[in-house]
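Visitor: Need the 3D shape of this:
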Amino acid sequence: MLPQKTKKSALIPYGITLDSYSYFWTHDKYIIIRRKLLISPDFALDKTAKQADADVTNGKVGFYGANWDYPFTSKIREPLKQNAPDANYVPIDAFKNAEGKYIKETYNENGLFSFIPKSSKHAELAMKYLNWMATPEVLFFLQFGEEGVNHTMVDDIPHMVDDIPQWIAQTGENMQMSNLNLDYTLVVNGAEQGDTEKNVKTYAAALATGDKAYEQLAVDSYKINTTDGFTGFYYGVPNEASIKYGKTLGDMNKQMMDRLIVVKPAEFDALYDKLVKEYMDAGGKAVQEENVKHYREIKASSK
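Guide: Prediction:
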């Protein structure tokens, strides 16, 4: 439960709000929040996030950051409702930059990569299979199953010509093992009906499994996630330096985050500069230089 001495403030990203109390996390207030025990003192030891999830579902957490659909896909909203019936997840942008935007990285337009190995003896058949799967009627059936058995069509967007499918709780031999059957639909990442608004509403309905409040939460979360977003640059070629130093740099990055979170505010800048130098000397500079080289080559070849 949040301490009663906290002041009423703006709602926070996936913040648990109890009795209208909440915290708004800004960089200059971070150390205060940590000292008020709204961040677990053992966070650095929680490598799998299991303890973090447990703290969230027990109503101990005032703020956390994650993917927009995390409360649904990670199965943490059900136990929260049981442990703290008056608590809720509230999606909101948290970190504004100097331009007044809430920048966050989003998926590239293709969403995911599907490839056929060069060593495949049946590449042509694999391509035909993917093309068959991408056929609208086939893809719809793979994702939503049979109407009346696996889903029902609901008019959930008044100005839309077509209804959207909503998942039905199922049993028996025709039941789908998961919403949208994502493991079976290799050509999409989420719901796909040819229209962004329908896709969002359909995926939200699948995540919420009949709970209208959580369905709206999913829609709001997605909108925030895709506002002021940017996509990473696709190089299309491997970074040899990253392959060589990737493990070391990945471990260093985690240690840097942990140390910078607990450092005293007055010592932050000095520690940051020190850790960045160590990171760059350990291979970060080589990775950066190779990325710059590939970037320039790709840009030059596309002119």
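Visitor: can we go C-alpha only for contacts and neighbour counts from here?
Guide: Noted.
Visitor: So residue 182 sits against residue 190, correct?
Guide: Yes. Judged on CA atoms under 8 Å, residue 182 makes contact with residue 190 at a distance of 6.9 Å.
Visitor: residue nearest the centroid of the protein?
Guide: residue 67 (2.1 Å; CA atoms, centre = their mean).
Visitor: That one in helix, strand or coil?
Guide: Three-state assignment for residue 67 (DSSP: H, G, I helix; E, B strand; the rest coil): coil.
Visitor: tell me the contacts of it?
Guide: Not one residue lies near residue 67 by CA atoms under 8 Å, 6 or more residues apart in numbering.
Visitor: buried stuff in stretch 273-286?
Guide: Neighbour counts over stretch 273-286 (16 or more other CA atoms under 10 Å) mark 275, 279, 283-284, 286 as buried.
Visitor: residue ranges with poor pLDDT in the protein?
Guide: Applying pLDDT under 70 to the chain flags residues 1-39, 110-111, 156-162.
Visitor: ranges for the helices of it?
Guide: In the chain, the helices defined using DSSP state H lie at 30-35, 50-57, 70-73, 77-83, 123-134, 136-144, 196-208, 212-225, 240-262, 268-279, 285-301.
Visitor: Tell me which of these sits most buried.
Guide: helix 196-208 (a mean of 21; mean count of other CA atoms under 10 Å).
Visitor: which residues does residue 275 contact?
Guide: Residue 275 is in contact with residue 256, counting by CA under 8 Å, 6+ apart.
Visitor: How about residue 151?
Guide: Going by CA under 8 Å, 6+ apart, the list of residues near residue 151 reads 144-145, 165-168.
Visitor: Can you tell me how far it is from residue 106?
Guide: 29 Å (CA to CA, to the nearest Å).
Visitor: And residue 172, by the same measure?
Guide: Residue 172 sits 38 Å away from residue 106, going by CA to CA.
Visitor: Same check on residue 266?
Guide: In this view, residue 266 and residue 106 are 33 Å apart by CA to CA.
Visitor: So for those two, which sits in the more crowded spot?
Guide: residue 106 (16 against 8; other CA atoms under 10 Å).
Visitor: wait, that one sits on residue 229?
Guide: Yes. Between residue 106 and residue 229 a contact is recorded at 5.6 Å, counting by CA under 8 Å.
Visitor: Name the nearest residue to residue 258, ignoring sequence neighbours.
Guide: The shortest distance from residue 258 to any non-neighbouring residue, by CA to CA, 6 or more residues apart in numbering, is to residue 44 (6.0 Å).
Visitor: The one you found: neighbouring residues, count only.
Guide: By other CA under 10 Å, the residues close to residue 44 number 15.
Visitor: What are the buried residues along stretch 59-76?
Guide: 59-64, 68-69, 71-72, 76.
Visitor: Going by distance to residue 117, which of the residues you listed wins?
Guide: residue 69 (31.2 Å; CA to CA).
Visitor: Who's the closest spatial neighbour of that closest one, skipping the chain neighbours?
Guide: Once flanking residues are discounted, residue 69 sits nearest to residue 218: 6.6 Å by CA to CA, 6+ apart.
Visitor: about what we covered before: I figured the residue nearest to residue 258 hits residue 260, correct?
Guide: No. The criterion here is CA under 8 Å, and residue 44 misses it with residue 260 at 11.2 Å.
Visitor: got a list of what residue 154 touches?
Guide: With CA under 8 Å, 6+ apart, residue 154 has these contacts: 163-166.
Visitor: let's go with 10 Å and repeat that
Guide: Residue 154 makes contact with 162-166, 202, according to CA atoms under 10 Å, 6 or more residues apart in numbering.
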